[in-house]
Structure formats: C-alpha cells, structure tokens
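Trainee: Here is my input; please provide its structure:
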Amino acid sequence: MPLAVICTYSHVTPTQPRPVAVDVIPTAEIDPESSSIGIADSSLYGLSPADIDKTLTQLQSIGVQNVRVFVPWALIKMTGPNDLANDANWTLMNNVMDAARAHNMGVLAVISHTPLWAAPSGTIPGAGAPDPAVYADFVKQVATRYGDVISAYEVWNEPNSASFFQPMDPVRYTAILKAVYTTLKGVNGTGGVDPTSTVIAGALAPIQDFFGLTASPQTFLAAMYAAGAKGFFDAISVHPYEFNQVLKFSQGGGLNVFSALYQVQQMRAIMVQNGDSDKLIWATEYGFQTVLDQAGVVDPTSNQKQADFIQDFITTWRALTYTGPLFIYTTRDGVPGTDTGYGIFQADWTAKLAVKVISDAIGLPPVVVSPIVALAELIQKALAQFQKAFASFTTSLQTAFSNAVKAFQSLLSGIFKPAAAQPATTASLAPAAASISADSLAAANRAATELKSQVGGSKDTADHVKAGDKSDPGDVKVVDAAEHEAAGAVDPKAVDPKAVDTKAVDTKVVDTKAVDTKTEEPKTETPKVDETKPDVKAETPKTETPKVETPKADTPQTDSPASAEPKAASESKKPAKDGAAQDKSADSKADDKSGTKGKSGKKAGKVKKPAPAAAEPSKPTGRSNSESGDKTSSTDGKSHQHQGA
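Mentor: Predicted structure coming up:
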C-alpha cells in the first residue's frame with residue numbers, strides 16, 4: 001500500500017511554504033477505549049486540499065472522529081536529510097495536517113519508509129531498516145511541526161515482514177523504538193518534544209514465521225521484550241486481517257493457530273508475562289476487499305460479506321477486555337495509493353453496506369462483556385501468571401542446585417587436599433596444647449610422688465615417715481607420723497574418697513627394693529573404713545604444739561640414697577590418696593590394739609590436727625628403726641611428750 005503512494009506522488013512539485021506554529025496547542029485526542037472507531041486512510045497524502053477536506057467531511061458524517069494518516073519519510077526527505085528551499089519537503093504533509101486540524105479530528109501518524117540515502121545498500125526501496133538515531137531525528141521534526149494535531153505516533157508499519165522492514169529484525173526494530181520513545185517522551189517524562197503523546201509499537205501483520213523473512217506477531221513481540229522493549233511504548237498495535245476472507249474474526253482463536261484472533265490472544269499472554277497487563281492492543285488496520293462484477297460495479301455478494309466481516313470484527317474486538325481503538329481500512333476505492341476494493345465508499349462516493357455498519361456501531365454504547373468471556377480472560381491471565389511463576393521457580397531451583405554442587409566440590413577439595421588446612425589447624429591447637437600439658441604434667445608428677453610416699457609409709461615400712469607443716473616461711477614442724485597414728489589422729493583430707501581416683505593409682509611406681517623383706521606384704525584389699533571415724537578422732541587440742549625450727553643442715557639427705565627421688569614428694573601439700581589413707585587408718589587401729597610399734601604404753605590424748613604435711617623421702621633399704629631414730633632430731637622427743645600429756 002505505501003509503496004504505491006510513493007510511486008504515485010513522487011512527481012509532486014514544491015509549493016510556497018506556510019508559516020509554522022511555534023506554540024503547541026493540542027486539538028482532538030484519540031479515545032483509547034475499544035469503542036473508538038477510526039478510518040485508516042493512507043491515500044490522504046498526495047490529495048489536493050479540496051479532496052482531503054471532502055474525505056474528512058464524509059467520515060465525520062458517519063460519526064468517525066479519528067483518522068490514521070501516512071507520513072512517508074522517503075517522500076518528505078527524498079533528496080537528503082536537509083530540507084529543500086522554500087520548505088518544499090513538507091508541502092503535501094502540511095495539507096493533511098491542516099485539514100485534520102480544521103476538522104478537529106484525532107490523528108494517528110504512522111511514520112515509515114526509509115529514503116534511499118538512509119537505507120542500507122541492497123534493500124528494497126522504502127523497506128531498509130534505518131539507523132535509529134537518523135529515524136528518531138525525522139520523528140522529532142514531525143513532532144515539532146505537527147505535535148498540536150497528532151495524538152499518537154505509530155513506529156513503522158508491519159516491521160515483522162521483510163517487505164516493509166529489511167532485514168526483518170526485532171532487535172533492530174526495538175533499538176529504533178527506544179530512540180523514538182526517548183525523543184518524544186524524554187527521560188522520566190522530561191525533555192521530550194511531545195511528552196503527552198501516545199507511542200504505539202508494532203503495527204504487526206497477521207503472518208506466520210517463515211525462514212527469517214516474516215515472523216508472526218507473537219514471535220516478533222516476544223523478541224522485542226527480550227531485546228528490552230518494555231517501558232518504551234504505550235500500546236501495541238496489530239493488523240488482524242483475514243486475507244483468505246473465509247473465517248470471520250470471531251471464528252478464530254482456540255486451536256486455530258493461523259487465525260488473527262489466536263495471534264492477538266498470544267500477544268496478550270506475552271504482555272501479561274512481561275508485566276504489561278495494563279497496556280492495550282490497538283487494531284490500526286482491518287478490512288475486507290470487495291470485487292467488481294462484469295458490469296464494473298461492486299458485486300452484491302462481496303458487498304454484503306464486507307459488511308458482515310466488519311460488523312463481526314467490531315463486535316468481537318469490543319468484547320475483548322484488553323483492546324483499544326480500531327481503524328477500518330480504507331475510505332474510498334479508486335484513489336491513487338490505495339488497494340482497490342477495501343474502501344467503504346466506491347470511487348464515486350457511493351456508500352457500501354459497511355458504511356451503515358460503522359455508523360451504527362459508533363452510535364452504540366460499549367459492549368458489555370459476557371460472564372463467559374470474562375471467565376475466559378481470567379483463566380488466560382491465571383495461566384500466564386502460572387507460567388511466569390513456574391519460570392521463576394525453575395530459575396531458583398537451578399540456582400540451588402548450582403550452589404549444592406559448589407558445596408560438594410568444596411567438600412571434596414577439603415578431603416583430598418588436607419595439607420592446605422593442616423598448618424592452620426596445628427597453629428590453632430598449639431596454645432591449648434601448651435597450657436594443658438603443663439598442668440597435666442604437674443598433676444601427674446604430684447600424684448606419682450604422693451603415691452610413692454604413701455606406699456613407702458605403709459604398715460611395715462612407714463614407721464618413721466615424717467610430716468612437715470610449713471606454717472610459716474622457713475619454719476617446718478616435724479611430727480612422727482607413727483605417733484599420730486598411735487594417738488588415733490588421722491588427717492581428714494587423707495580419707496576424702498573424692499580426692500584421687502583409686503583406679504588411677506599405678507602400683508608399678510612402688511619400688512620393691514625399698515621394702516624390707518622381713519616385713520609382711522601389704523594387703524591388696526582395701527579394708528572398709530568408716531570415713532566418719534577419723535573425723536571424730538581428729539579433734540583439735542586446746543594446747544598448741546610448739547613450732548620447732550629444724551635447720552636444713554640437720555636433714556639427712558646426704559646419707560640417704562633416696563635423695564635422688566623428686567623433692568616434690570616431700571613438698572607436696574596435696575591430701576593423701578583414698579586407698580593409702582584407708583590403709584593407714586586400718587594400720588593405726590591395728591597398732592593401737594597390738595602395740596607392735598611400742599607406742600601403746602603411752603596414753604593417746606587429744607592431739608591438734610596437723611596441717612597438710614609434706615612427707616620426707618622414704619627411708620633407704622636396709623635401715624632399721626633404730627637407725628632411723630638416730631637421725632631424728634630432738635624435736636621428735638618434744639612431739640612425743642606433747643602426745644603423752
């Protein structure tokens with residue numbers, strides 16, 4: 001259709017220029033509701049001002065207030081980007097816009113067709129995909145001149161066909177759409193040349209996918225969204241023709257994937273999936289072609305069929321809840337630049353049956369949507385939302401699986417490459433190991449020396465073990481442990497069963513050589529001793545035992561081979577082990593009864609409970625009791641006297 005216009009009006013000569021209005025004063029706006037009916041008439045460009053005025057007058061007589069006009073870039077800027085002298089480039093376009101302004105009609109301007117100088121080489125004349133910036137600059141000039149009368153701008157015509165946009169590329173078309181939208185509307189609503197206008201994208205033809213030469217409306221629209229078209233248009237337009245003229249528009253849909261209604265439904269689903277459910281779909285071209293009979297007049301059958309198809313389309317389109325204005329193509333047959341037979345008027349202005357259909361439809365109120373149609377729309381919207389949610393779930397599942405794989409790989413890496421983590425682990429445990437080993441070794445040494453001293457001071461070998469009470473610094477009180485045992489005094493701490501675990505006593509630490517072979521073996525079984533008895537016997541006397549200082553030189557450490565034993569055994573302040581305390585208690589009782597120690601002649605009086613004493617090293621093997629007594633200082637005698645008092 002537009003190619004015919006280009007061929008028809010390429011010979012038009014320039015006329016005198018007219019003044020250009022500076023202030024933009026909006027006139028009629030296109031009602032965006034589906035009840036709005038307009039006429040798409042591309043033949044207006046090239047008509048004389050009188051013919052343009054008559055055409056618009058006829059349209060308004062049947063109630064039409066909106067018109068879609070063709071703005072041919074290739075004809076206006078035929079010789080180059082710069083205007084010719086005397087404003088010659090815009091003469092024919094001025095005639096159309098002046099008439100629309102005079103009739104106060106809403107104008108939808110479709111701007112298309114690339115001039116040869118702006119088209120890629122080797123493309124069809126008028127169909128070459130232009131540079132986005134160059135095309136946007138031309139749109140800016142159109143808006144600057146006619147922004148007061150243009151209500152909406154349609155970016156190109158049927159770009160999903162290589163016959164109108166070559167190469168057929170939705171990505172490149174989206175780039176052009178973005179450039180135009182930014183030029184008209186600005187950024188964030190500021191800076192545009194016509195910010196209150198409506199930007200219509202698409203104008204898609206009702207065709208099918210065919211090897212990159214054509215694309216169905218739904219395929220092309222989906223690719224536009226993928227290229228970032230969201231946010232750069234106010235509505236989508238389509239041309240839902242039935243070129244075979246067999247099925248009416250309402251008979252499509254469902255499983256009829258080749259029908260125009262099915263394509264519109266799919267476009268709607270794609271818009272909902274991409275968050276544009278609030279935007280409408282405009283039908284900027286729809287029509288039916290009549291034929292002539294042998295007499296050269298319109299065939300009655302095709303005349304009626306045209307009326308039926310247009311009425312069905314208007315009714316069905318209005319019933320859809322997501323549709324905007326519709327435009328019927330075209331006004332009159334026989335006009336240069338139009339396709340013969342599509343006019344609602346014959347060439348002599350005789351009205352076809354479709355004229356009454358359109359006139360009646362314009363006067364009718366909007367169609368009330370039936371519950372069945374509303375339910376179908378609701379189901380379709382729910383399915384679209386489900387598809388979007390399922391896609392989001394799939395993406396989340398893939399992300400979770402990817403994270404799990406990474407974690408598993410990290411685990412395997414830690415198992416098969418432990419050397420990298422070993423130094424850090426060793427370094428982190430070193431301070432704890434150092435602190436634990438010092439305490440543990442000290443405790444182990446004390447336990448071993450105490451056990452050794454206790455075993456050395458058992459019933460047969462500990463007659464002369466002495467306990468030291470370090471009451472004051474440098475003063476040591478020496479008391480014969482055997483005398484304490486004879487007097488019945490037992491250290492309560494030595495009987496505490498919780499002090500040392502008896503299982504921890506190692507019998508291997510006892511030096512068998514240090515035990516007198518003449519004495520009988522100590523009992524292996526620990527006699528049962530009432531733990532409360534020692535507490536009763538160990539009463540605090542009223543008199544205090546005088547402290548006697550024993551010079552360090554008097555200590556017979558040099559005469560005893562036991563001086564090689566650890567000094568910790570004599571300096572330990574820890575209480576005696578449970579088992580040893582029980583043995584000592586039992587032995588003390590036995591001594592009291594039998595008097596085997598020779599101490600039974602003395603009356604056991606109350607003795608002050610000695611403070612925790614440090615036992616001296618065990619006596620060496622071979623020393624008798626008399627020898628041990630020779631080494632004892634005079635302090636022993638004082639202690640004996642105190643106990644007998």
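
Trainee: Mind jotting down where the strands sit in this structure?
Mentor: 37-40, 66-72, 106-112, 150-155, 186-187, 190-191, 198-204, 235-238, 281-286, 323-329, 466-472, 475-480, 614-615 (DSSP state E).

Trainee: Would you give the sheet partners of the fourth one, along with the direction of each?
Mentor: For strand 150-155, sheet partners with direction are given as strand 106-112 (parallel), strand 198-204 (parallel), following DSSP bridges.

Trainee: Check the second one too.
Mentor: Using DSSP bridges, the strands paired with strand 66-72 in its sheet are strand 37-40 (parallel), strand 106-112 (parallel).

Trainee: how deep is Leu84 tucked in, by neighbour count?
Mentor: For Leu84, the count of nearby residues is 14 (other Cβ atoms under 10 Å). In short, each C-beta sits where N, CA and C put it, glycine included.

Trainee: for Gln304, same thing?
Mentor: Gln304, neighbours per other Cβ under 10 Å, totals 14.

Trainee: ok, and the closest non-adjacent residue to it?
Mentor: Leu353 (6.0 Å; Cβ to Cβ, 6 or more residues apart in numbering).

Trainee: Could you do Ala28 as well?
Mentor: Nearest to Ala28 is Gly106, by Cβ to Cβ, 6+ apart, at 4.3 Å.

Trainee: residues in contact with that neighbour?
Mentor: Contacts for Gly106 (Cβ atoms under 8 Å, 6 or more residues apart in numbering) come out as Thr27, Ala28, Glu29, Ile30, Asp31, Gly38, Gln65, Asn66, Val67, Ser151.

Trainee: Using pLDDT, spot the least trustworthy of these.
Mentor: Lowest pLDDT within the contacts of Gly106 is found at Thr27 (57).

Trainee: a markdown table for the strands paired with strand 66-72, including distance to Thr340?
Mentor: Shown next, in a markdown table, are the strands paired with strand 66-72 (distance: least, Cβ to Cβ, whole Å):
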| stretch | distance to Thr340 |
| --- | --- |
| strand 37-40 | 16 |
| strand 106-112 | 21 |
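
Trainee: tell me the most buried of those?
Mentor: strand 37-40 (a mean of 25; mean count of other Cβ atoms under 10 Å).

Trainee: Using PDB, write out the CA atom coordinates for that one.
Mentor: Output of strand 37-40 as PDB, limited to C-alpha atoms (Å, rounded to 0.1, in the frame of the first residue of the first chain):
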ATOM      1  CA  ILE A  37     -13.700   3.600  15.600                       C
ATOM      2  CA  GLY A  38     -11.500   5.300  13.100                       C
ATOM      3  CA  ILE A  39     -10.500   5.100   9.500                       C
ATOM      4  CA  ALA A  40      -7.000   4.300   8.300                       C
END
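
Trainee: follow-up on the earlier one: a markdown table please, covering the strands paired with strand 150-155 and showing mean pLDDT.
Mentor: Shown next, in a markdown table, are the strands paired with strand 150-155 (pLDDT from 0 to 100):
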| stretch | mean pLDDT |
| --- | --- |
| strand 106-112 | 98 |
| strand 198-204 | 97 |
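
Trainee: do you know which of those lies nearest Ala400?
Mentor: Closest approach to Ala400 among the strands paired with strand 150-155 (Cβ to Cβ): strand 198-204, 37.1 Å.

Trainee: got the buried residues for that closest one?
Mentor: Residues of strand 198-204 classed as buried under the neighbour-count rule (16 or more other Cβ atoms under 10 Å) are Thr198, Val199, Ile200, Ala201, Gly202, Ala203, Leu204.

Trainee: out of these, what pair is the most spread apart?
Mentor: Greatest spatial distance in these: Thr198 and Leu204, 17.2 Å, computed using Cβ to Cβ.

Trainee: Low-confidence regions, the stretch 101-250 of the chain specifically.
Mentor: Along the stretch 101-250 of the chain, segments meeting pLDDT under 70 are nowhere present.

Trainee: Same check on the chain?
Mentor: In the chain, residues with pLDDT under 70: 1-27, 365-374, 377, 381, 417-438, 454-645.

Trainee: how near is the closest residue in space to Trp117 that isn't next to it in sequence to Gln263?
Mentor: In this structure, Trp117 finds its nearest non-sequential neighbour in Gly80, 5.7 Å apart by Cβ to Cβ, 6+ apart. Taking Cβ to Cβ, to the nearest Å as the measure, Gly80 falls 39 Å from Gln263.

Trainee: Between those two, which has more neighbouring residues?
Mentor: Gln263 (26 against 12).

Trainee: burial of the residue nearest to the more buried one when sequence neighbours are not counted, as a residue count?
Mentor: Distances taken as Cβ to Cβ, 6+ apart put Pro217 closest to Gln263, at 4.8 Å, once the chain neighbours are dropped. If you count neighbours by other Cβ under 10 Å, Pro217 ends up with 28.

Trainee: pretty sure Pro217 is touching Gln208, no?
Mentor: No - between Pro217 and Gln208 there is no contact under Cβ atoms under 8 Å: 9.7 Å.

Trainee: separation between Leu108 and Asn157?
Mentor: 12 Å.

Trainee: Not counting stretch 53-68 itself, show me its contacts.
Mentor: With Cβ under 8 Å, 6+ apart as the criterion, stretch 53-68 contacts 28, 30-31, 36-42, 44, 47, 99-100, 102-103, 105-110, 151, 154, 284-285, 325, 327, 331-332, 345, 349, 355, 358-359, 362-363.

Trainee: What remains of these if I keep only buried residues?
Mentor: 28, 30-31, 36-42, 44, 47, 99-100, 103, 105-110, 151, 154, 284-285, 325, 327, 331-332, 345, 355, 358-359, 362.

Trainee: Please name the residues that touch Ser359.
Mentor: Ser359 neighbours (Cβ under 8 Å, 6+ apart): Ile62, Gly63.

Trainee: Make CSV out of the buried residues of strand 198-204 and add distance to Ser453.
Mentor: CSV is the format used below for these (distance: Cβ to Cβ, whole Å):
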residue, distance to Ser453
Thr198, 107
Val199, 104
Ile200, 107
Ala201, 102
Gly202, 104
Ala203, 109
Leu204, 106
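
Trainee: quick revisit: dig out what the residue nearest to Ala28 forms beta bridges with.
Mentor: Asn66.

Trainee: And the one 4 residues further on, by the same measure?
Mentor: Legend: beta-bridge partners of Val110 under DSSP bridges are Phe70, Glu154.

Trainee: Brilliant, that's me finished.
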